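>>> next one to model:
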Amino acid sequence: SYNPAYFHTVLFAAIFYVFFGLYYLYKALRRFFSREVSLLTALLAFLATNLFFYTVMQPGVSHAYSFFLLSLYIYFVPGFYEKPGVKSSLFLILPLALAVLIRPTNILAGLYFLFYGLSSFRDLGQRLTMLAGRWYLLLFMAFVSFLVFVPQMAYWHTVTGKWFIYSYTDSRFTNALSPQFGTVLFGARGGWYLYTPLMLIATGGLLYLVYQRRLTAPAILLMMVLIIYVNASWFNPTFSSSAGYRALVEWIPFMCIPLAFVIETLQKHSAWKRILYSVLVLFVVYNLLFSYKFNHHIWWNMEWEWSNFLRLVKF
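As a prediction, this is how the structure comes out:
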C-alpha cells in the first residue's frame, strides 16, 4: 500500500490546477460578462458539476488537468486574433497541445480556435484566408505541438521500441454506427444531464445563442455534438465506474459561456433571478451530496434500481 503522502500530493496537484483553471475560466468569461456573473459561473463549474468529485475525491484521473488546460486555451484564443504573433500563438497552442496529449479527443477543441468570433459558418472563408496569410504562425504552432509530444514519444520508444503506442489496447469505438446518445446524456449510471443537471440550463442557453449567432455558439455546439458522438461511440459509453459523466468534465469551460449568458439574462428580472438562484443552490447541494455519497459498489456492481439514485436526495 502507498503512504498517504502520495495521495495528498496528487490531491494538492489537482486542487492547484483546478484553481487556476477556474481563475482563467473567470478571466475568459469577463470578456463578455460582468464580474458577478463570471465569478458565479466559475464557482458553479466547480461546485455544481462532477469537476468537484474529480478534484477532491479522485484527483488522480486526467479530467481536472484537462479542465485547466482547456480553460487556459479558451482564455488565450481571443489574444491571437487581437494581436497575431509568435507570443500569442505560443500561449494558444501550448495548452491545447498538452490537452490533446492527455486525452486525444481534446483535439476537437481546436474548432474553437478556427471559428472563434464568427457569427456564421459563411464567414469561415474569410477566416481561412486570414490564417493562410499567416501560415508561418500555423507552422510554428504545429512545430510546438510536435515538441510537446516528443517526451511522450521518447518514453514510448524507450519502453517498447515504438514511437507511437495506442495505450487503450483493444478498446475501440465499436458503437460508431450505433452511438449510445441516450446512455451519454440520460443513462441511469452516469448520464450527463441526469447527474449534472446544470448542463440543461447551459444547453438551453447554447441553443438560443446559436439562434442568435453570438458568442461563437455555433462552434461550441459543433464541438459538443462531436465530442458527445465520440463518447457515445466508445465501446463502453458509460466510461465504467464514472461518477457522473466524467468524459465531459474538461468540456465544461465551453458550456460555461452559454451558462453565464443565461445567468446574466435572467438576473435582470427579480422574479426570474430568485427562481434561478434557488435552482442553482439545489444543483450545488445535489452535486455535493452525490460526490460524498457516490459508491462504486452501489452504482456499478449491484443491479441497477432507481432507489440507488434516490439515495442522493437523502441527507
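
>>> going forward, measure contacts and count neighbours with C-alpha atoms only.
Fine.

>>> and the gap between P84 and A13?
Taking C-alpha to C-alpha, to the nearest Å as the measure, P84 falls 32 Å from A13.

>>> the two: who's more crowded?
A13 (17 against 14; other C-alpha atoms under 10 Å).

>>> let's see the pLDDT reported for that one.
Note on A13: pLDDT of 96.

>>> which SSE is it in?
helix 4-29 (DSSP states H and E).

>>> per-residue confidence at the residue nearest to P95 when sequence neighbours are not counted?
Leaving aside its chain neighbours, P95 sits nearest to L69 (4.9 Å; criterion: C-alpha to C-alpha, 6 or more residues apart in numbering). On pLDDT, L69 comes in at 98.

>>> got the contact list for L69?
Residues near L69 by C-alpha atoms under 8 Å, 6 or more residues apart in numbering: 21, 95-96, 98-99.

>>> where does the protein have its least confident helix or strand?
helix 306-310 (a mean of 73; mean pLDDT, DSSP states H and E).

>>> now do the buried residues in that helix.
The neighbour-count check on helix 306-310 (16 or more other C-alpha atoms under 10 Å) flags 308-309 as buried.

>>> next one: stretch 245-257
Neighbour-count burial for stretch 245-257, with 16+ other C-alpha under 10 Å as criterion, is recorded at 245-257.

>>> gap between it and the chain center?
With C-alpha atoms, centre = their mean, to the nearest Å as the basis, stretch 245-257 stands 3 Å off its chain's centre.

>>> residues making contact with that stretch?
Around stretch 245-257, the neighbours that count as contacts under C-alpha under 8 Å, 6+ apart are 25, 29, 41-42, 45, 49-51, 63-64, 66-68, 70-71, 74, 184, 190-192, 195, 199, 202-203, 206, 215, 220, 224, 231, 238-239.

>>> can you report how many residues neighbour F173?
Residues near F173, counting by other C-alpha under 10 Å: 15.

>>> who's in contact with it?
230, 233-235.

>>> repeat for L43
Residues in contact with L43 (C-alpha under 8 Å, 6+ apart) are L22.

>>> i'd like the first residue to be 40 from this point on
In the new count, where the first residue is 40, that last one comes out as L82.

>>> quick check, pLDDT for it.
Value listed for L82 in the pLDDT field: 98.

>>> mind checking how far it is from I291?
12 Å.

>>> picking that back up, how far does the helix holding A52 sit from the chain's center?
Helix 43-68 sits 15 Å away from the centroid of its parent chain (C-alpha atoms, centre = their mean).

>>> beyond that helix, next helix or strand please.
Tracing the chain past helix 43-68, the next element assigned as helix or strand by DSSP H and E is helix 74-86.

>>> in that next one, what's buried?
For helix 74-86, the buried set under the neighbour-count rule, 16+ other C-alpha under 10 Å, comprises 76-78, 80-86.

>>> next: stretch 161-170.
Buried, per 16+ other C-alpha under 10 Å, within stretch 161-170: 166, 170.

>>> could you measure from V183 over to R173?
As judged by C-alpha to C-alpha, V183 and R173 stand 16 Å apart.

>>> of the two, who's got more company?
More neighbours surround V183 than the other of V183 and R173, with 17 against 13 (other C-alpha under 10 Å).

>>> the more buried one reaches F130, doesn't it?
No. Applying C-alpha atoms under 8 Å as the test, V183 and F130 come out as separate, 10.5 Å apart.

>>> show me what contacts L239?
Taking C-alpha under 8 Å, 6+ apart, we find L239 in contact with Y232.

>>> quick check: the gap between it and M169.
Going from L239 to M169 by C-alpha to C-alpha gives 36 Å.

>>> over to F203?
34 Å.

>>> list phi and psi for the most far-flung residue of the chain relative to its centre.
In the chain, the residue that sits farthest from the middle, by C-alpha atoms, centre = their mean, is G200; the gap is 33.5 Å. Per-residue torsions, G200: phi 80, psi 0 (degrees, to the nearest 10).

>>> before we move on, what about F91?
Note on F91: its backbone torsions stand at phi -60, psi -50 [degrees, to the nearest 10].

>>> run a quick neighbour tally on it.
If we define neighbours as other C-alpha under 10 Å, then F91 has 22 of them.

>>> so how far is G229 from S280?
Counting by C-alpha to C-alpha - S280 and G229 are separated by 9 Å.

>>> for L265, same thing?
Relative to G229, L265 is positioned 19 Å away (C-alpha to C-alpha).

>>> those two: which is more packed in?
G229 (24 against 14).

>>> per-residue pLDDT of that one, please?
For G229, the model assigns a pLDDT of 87.

>>> ok, F92 next?
96.

>>> list the contacts of it.
By C-alpha under 8 Å, 6+ apart, the contact list for F92 reads 282, 330.
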